[in-house]
Structures are given as C-alpha cells and as structure tokens.
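# Build me a model from this:
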Amino acid sequence: MRVAAGVLAAVMLGGAPPAVAAPQPPPPPSPSPVLAGADLVSVRVDGGELSLRFRDARQAARGEAGHRPDDVRLGPDGGLAARVPHRPAFRFLGAAGRPVWALAGGDPALPALDTTGVSGGPVTLALTGVTGPGRFTAYTLSGFGTPTPMLGSGAGLPDSVLLPAGTRTGGVVWAFDAAGDYELTFTAAAGPVGPAAATWRVTVPPIDPPPISPPPGADPPPIDPPSAPAGDRTAGPAPLARAAAPPAVPAAAPAPAALATTAPAGTGERKVIDDGHVDMGPTLTDGRWRIRIKDGTVSPPVWRELGDTVLHVRDNARITVPDGADHAFLGPAGGSVWLLPQAQQDGIVWPGWNTQHEAVVGGIRGPVTWTLKSVTGPGAFTLFLTGSFGKPQVLFDGTRLPGELDIPLNTHAHGNWAFGAPGVYRLEVAMSATTTGGAPVTDSRTLTVAVGDGTDPGRVTDGDGNGGGDGPGGRLPRTGESWVLPAAVGGLVLLGAGALLVRLGRRRAGRAS
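Here you go, the predicted model:
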C-alpha cells in the first residue's frame, strides 16, 4: 500500500513514478559445516564475559573464536543413521535396534567440546532447553567404543556436565532418535564469570539405518520397525589394504598469515613427547616435500624431524582387550595393549595426522597418499578408528603391509594407535602426492615409538633407522657397532706395524753390511 500511495502521489504531482526495486530472492542456504575435528560448543572468556560459539575444523586448528550459533545450522548432511547396538552400555539411547542418527557420525575426527578459552576453575555446561520431535543425547566414546553419557533430554540422563578448563573434550557424539528440526539451548558458567547461553539449530534427516541382527546365541530383541529385514551389516570391517579416505575439511587454502605461527624446529634437537597433541604430516618448504611431526605441546607449535622425535607411550595407556568379535583383531580378550586413543586424554601422547601445512594446501592437488611400509617391534601394531556407535574400522594392520590411506587436503584427524607389547617400534611411512604443477612428490621416514614405562626413550637413537631398542630399556647396536669393526681396525694396525718393523730391520742389515 505504501508503494501504491507513492506512485499515486507522483502521478498527481506530475512527476514520473519512483523506481521500485524488484523483490530479491532469498539467499541460498549456507552449506552444512564439516564437523570432523570441529568444536560443537566452544566456551571462552571475551572481555571479561563468557561466550558460547561453534568452531569448524579450520577455526579450531587456528584457535579462532568461531561462529555465533545463530548463524549456523547443523545437519542434515554429514551424519550417520544406525541402530542402537546390542550392548548394555548403549541402553541410554533406547532399546537395542531402535533407529538413531548421529551428528558427524561417519567422521574419523569426531567433534569436541572446547574450554581452551577459559582458565582457572572448571566449566559447567548445562542443557537448559530442547525443542524438537525426539530425544537428544550427547555422549563421549573411549578408544574401544565404550560410551559415557554427558547430557540429554531423555529420562535418567544428566542435564549438565563439568568440563575442565583449558581443554578440548574429544570423541563427542550428538544423537537424535527422530527426524525434524531441533533447537538446543546450552548455558555455561565458569567461576566468578557470569553465565552465558546460546541456542544451536540441528536438522535431522529421515532416519533410515541398515538392519541389525542380535549377537550369536541371543534371542532377537524387538526392532523398530518390526518388519525390518534381518542381516548384520554393522559388523566390524576386516583390515583394509587401502582404507577409505576420511571426509575432508573444505580444501579452500587457509590464509598463510593465520598459519605462520608454526615454525620449524632445529635439526638435531632430540625431543621425547609423552603427553599432549602431535600430528604427522607432509610439509612443502622451498620445493622440498618432507614428512614431519607437528608438535603442539609447545607454543607456538613447531614442525620437527621424525628422526629427532620419539613418542613415549607410558603404562597409563595400557588397557585390556574387551570381549567380543569387534576387537578380536587386537588379540585375545583379556590381553593387554598400549592404546593411544582417538580422543585426547591427559597424561597420554595424542598423535594424529594432518595435511594442513599451508604450502601443502596451496601447492598440492588431490589427496595425499599415506603408506605404512613396514613395522618393526616386539608386538603387533594396529591403527583403527572408532565410529559413533562403537564399531571399529581398521586403517593399518601391521601384519598386512603395505597399506595405504588417501587423505584429502586440509584434513586433521586422529585414530587409535594400538601396540601389543612394551618395547621400541619403528613405523616406516611414506607420503606421496602431486603438485599443482603436475610433478609427483614422495618422502619416506621412520616414526619411532617407545612403549612402556620400562622402555627408556632417552636411549633410543634416531627414528630413521640408526639404532634403537628391542625391548624395555633395550638398545640395539648402531650399524657397524660390534667386534667386527674394532677387530678389523686392530688387524690393520698390527699389519702396518709389522711391515714397518720389517723395513727398519732391512735398513739396519744394509748399513751393517
């Protein structure tokens, strides 16, 4: 009516009608953010006040504040439809066989909850409101797929969780049992800082999981819907000769200035790392392609040579292989393995892999192929992932080598590194790719891991094959370090001395004559 009145007034005044802007189409919906390695809830202190944000994987890697939750809608892409497993530990999700949908359920780097922007005392994160057609549950997963409920709207689930300040709580799953739109309101409080609240929006697609069958010898529990066909499509996969590529973080080149804080470490500086975050990945410096270790235990992070780095797995990482066929690839149930878990734990080194070096993102096309060429050590080695519902996926099996894994550019991921006995392990790895100019590049290095409190990492020589240990505190001789070389040298010295004495004797005999 206002537009019509303006046109009428212009005509009555003898002027031309004003131009009327054509209606603009609504902006296209923004794509769903990739959640592999993201911080679903990031709590930080800004200007003396708490704020709650969502940080995608690149923002988390750079330490940026992240998005306002109002500006983000999570889902419907990037999730995993499944059924509640036939394990008592998952009963908080509902009856076995019930369809559920997990946010970012198929990613190797499950999302996290972040409190690195808070110092001092712990952070209380409370679920203060849920609207939607079904139940919402948040839980964490251990390396062996054991869930621990954190928050939820279902009966008997906690409505708040205490998070330590200055940490990222990884392996977080958000699960929903009905399709539709949800709004989740979280409130955070940290010591004297006043509380803050924000609301997350999640769209859950129609949940259509594959069927699941009961374990052998058990009566089939009711399955929703009852008419679902039988079959076990959720059994743990066999070890892969070439593992499927993990989902990629968007490969847009990050701003070099944002990543310039990662500096090279001095060559020859021996570093033993037994706690904190490290990643193995390729670097491209002055045209040289090289596998290095990104050491995040120091600030700013540095790229170290593999030959200058030893990872130490202490006995606090020793756990028992659980019952069941899912983890039989680790050995008999009840046996011990030293496990560096997919989610970070205090006091345990947390190795991952990444293709986020700025020169790699900007100078390489296509994925990076990671090859595990050989493993030497006193026990078995396996690298595997744990899915949102506890199913393992083996990436590398030390008894079936070589194995390969394609890693998209700008990816950061973690898995479960399992070692079957204490001692020194050497993992011979290679990473290959193609530059944007079409040139192939490749590099091979050796990652050295000292396992067990009885294995002295300080006595392990460099990881490029020059010596090492063969057991707890053991040390193998360096190349040529045996009785053969000293004996050979001694023999040459004696031979030379004998020849000199003969020559002196002949000279004296000549003078006497």
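
# Surely residue 208 and residue 80 touch.
No. Using CB atoms under 8 Å, residue 208 is not in contact with residue 80; the gap is 11.4 Å. (Each C-beta comes from the backbone N, C-alpha and C, glycine too.)

# higher neighbour count, these two?
Here residue 208 and residue 80 are set side by side on neighbour count (other CB atoms under 10 Å), and the busier one is residue 80, at 18 against 9.

# Quick one, grab the pLDDT at the spatially most central residue of the chain.
Most central in the chain under CA atoms, centre = their mean is residue 414, positioned 1.9 Å from the mean C-alpha point. Here, the pLDDT recorded for residue 414 equals 86.

# Read off the pLDDT value for the closest residue to it other than its chain neighbours.
With CB to CB, 6 or more residues apart in numbering as the criterion, residue 414 has its nearest non-adjacent residue at 3.9 Å, and that residue is residue 352. Reported pLDDT at residue 352 in the predicted model: 91.

# tell me the contacts of residue 352?
If a contact means CB atoms under 8 Å, 6 or more residues apart in numbering, then residue 352 has 109, 277-280, 412-415 as its contacts.

# I'd like these laid out as a markdown table, including distance to residue 447.
Converted to a markdown table, the contacts of residue 352 look like this (distance: CB to CB, whole Å):
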| residue | distance to residue 447 |
| --- | --- |
| 109 | 20 |
| 277 | 16 |
| 278 | 10 |
| 279 | 12 |
| 280 | 7 |
| 412 | 17 |
| 413 | 16 |
| 414 | 15 |
| 415 | 14 |
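
# among those residues, who's most crowded?
Highest count within those by other CB under 10 Å belongs to residue 109, 29 neighbours.

# Check the gap between residue 142 and residue 79 for me.
21 Å (CB to CB, to the nearest Å).

# The residue nearest to the centre of the chain is in contact with residue 112, isn't it?
No. Between residue 414 and residue 112 there is no contact under CB under 8 Å: 10.3 Å.

# and for those two, which residues touch both?
Residues touching both residue 414 and residue 112 (CB under 8 Å, 6+ apart): 170, 343.

# Name the next helix or strand downstream of the helix or strand residue 406 falls within, please.
Using DSSP states H and E, residue 406 maps to strand 403-407. Sequence order places strand 412-414 as the next helix or strand after strand 403-407, per DSSP H and E.

# got the CA positions of the helix or strand just after that following strand in CSV?
The helix or strand immediately downstream of strand 412-414 is strand 416-419, counting by DSSP H and E. C-alpha atoms of strand 416-419 as CSV (Å, rounded to 0.1, in the frame of the first residue of the first chain):
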residue,chain,number,x,y,z
ASN,A,416,43.5,-45.3,17.9
TRP,A,417,47.2,-46.5,17.9
ALA,A,418,47.5,-49.9,19.5
PHE,A,419,50.8,-51.6,20.4
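
# The helix or strand following strand 416-419 packs against which elements?
Beyond strand 416-419 on the C-terminal side, the first helix or strand identified by DSSP H and E is strand 423-435. If you count contacts as 3 or more CB pairs under 8 Å, 6 or more residues apart in numbering; DSSP states H and E, strand 423-435 packs onto strand 276-285, strand 288-295, strand 364-376, strand 440-451.

# Would you mind telling me which of these is nearest residue 304?
strand 288-295 (4.6 Å; CB to CB).

# how about the helices in the stretch 251-400 of the chain?
Remark: helices assigned in the stretch 251-400 of the chain by DSSP state H, counting those that start in this stretch are 256-259, 358-363.

# Could you do the stretch 51-200 of the chain as well?
For the stretch 51-200 of the chain, the helices defined by DSSP H, counting those that start in this stretch cover 57-62.

# low-scoring pLDDT stretches of it, where are they?
Flagging of the stretch 51-200 of the chain using pLDDT under 70 yields the residue ranges 105-109, 143.

# cool, the stretch 201-350 of the chain as well?
Scanning the stretch 201-350 of the chain for pLDDT under 70 picks out the ranges 211-268.

# dump the residue contacts of residue 110.
36, 104, 141, 170-173, 342-343, 388.

# again, only this time at 7 Å
Taking CB atoms under 7 Å, 6 or more residues apart in numbering as the criterion, residue 110 is in contact with 104, 170-173.

# Check the secondary structure at residue 202 for me.
Three-state call for residue 202 (DSSP: H, G, I helix; E, B strand; the rest coil): strand.

# partner residues bridging it?
Beta bridges link residue 202 to residue 74, residue 182, judged by DSSP bridges.

# quick one: it and residue 381, what's the gap?
38 Å.

# Now do the contacts for the closest residue to residue 276 other than its chain neighbours.
Leaving out its chain neighbours, the residue that sits closest to residue 276 by CB to CB, 6+ apart is residue 297, at 3.6 Å. Listed by CB under 7 Å, 6+ apart, the contact partners of residue 297 are 273, 276-278.
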